[in-house]
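Student: when you get a sec, could you give me coordinates for this:
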Amino acid sequence: MAGELQLALGFAEPDSRYQLDAVQTRVRRAGAGWILDGNKCVVLNAANADVLLLSARDEQDRLGIYQVDPSAQGVTLQSYPTIDGARAADIGLRGVQLAADARLEAADDALEALQSVIDRAVLRGVLHKNTAAHRKARLAKHLAASKA
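Tutor: Numbers count the residues shown, from 1 in each chain. The predicted structure follows:
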């Protein structure tokens, strides 16, 4: 990996309390594209990212992952240092216009995809295991309830 393209995954929101499915950020169709509104918090590497991958719910309340240009009009980043010396940012999204193909194809299983990414981040030491374990327990509970 040359590190030529940097990504940042935004899944946490101010009131989500470690619940990956507690997403208030909304996306709606607008012509051939999308309009995105909401907030993300503690997005690691956001200030350095070439592309933000952000969770949002559409008009049918389906969760998806969307590609967002961090320099797009309506995107605000408030960057700050984390306790471990890394950097994170809180992101505001106000009427952000996205291309028609901004929704990732794998977004049909967005919740499971998010969990997979978190598990891999823990294995690589990017995310602390206690934080991830808490998120995973909540996700497992949610998945069990949705399949019942």
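
Student: rest of the way, CA atoms for contacts and neighbours
Tutor: Fine.

Student: ignoring the adjacent residues along the chain, who's closest to Ser55?
Tutor: Of all residues not flanking Ser55 in the chain, Ile65 sits nearest, at 4.5 Å (CA to CA, 6 or more residues apart in numbering).

Student: show me the contacts for the one you found.
Tutor: Leu53, Leu54, Ser55, Ala56, Arg103, Leu104, Ala107, Ala110 (CA atoms under 8 Å, 6 or more residues apart in numbering).

Student: I figured Leu68 hits Arg103, correct?
Tutor: You called it Leu, but residue 68 is Val. No. With contact defined as CA atoms under 8 Å, Val68 does not reach Arg103; the gap is 9.5 Å.

Student: any idea how far Leu54 lies from Asp84?
Tutor: 23 Å (CA to CA, to the nearest Å).

Student: give the residue spans of the chain that score low on pLDDT.
Tutor: In the predicted model, the chain carries pLDDT under 70 at residues 1-3, 105-108, 118-119, 121-148.

Student: how about the helices in it?
Tutor: Assigned by DSSP state H, the helices in the chain fall at 110-123, 129-147.

Student: thinking again about what came up before, just the buried ones among the contacts of Ile65, please.
Tutor: Leu53, Leu54, Ser55, Ala56, Arg103, Ala107, Ala110 (16 or more other CA atoms under 10 Å).

Student: how about the contacts made by the closest residue in space to the fifth one that isn't next to it in sequence?
Tutor: Yep, that's Arg103 we're talking about. Nearest residue to Arg103 in three dimensions, chain neighbours excluded: Tyr66, at 4.5 Å (CA to CA, 6+ apart). Counting by CA under 8 Å, 6+ apart, Tyr66 makes contact with Leu52, Leu53, Leu54, Ser55, Ala56, Ala102, Arg103, Leu104.

Student: perfect, I'm done here.
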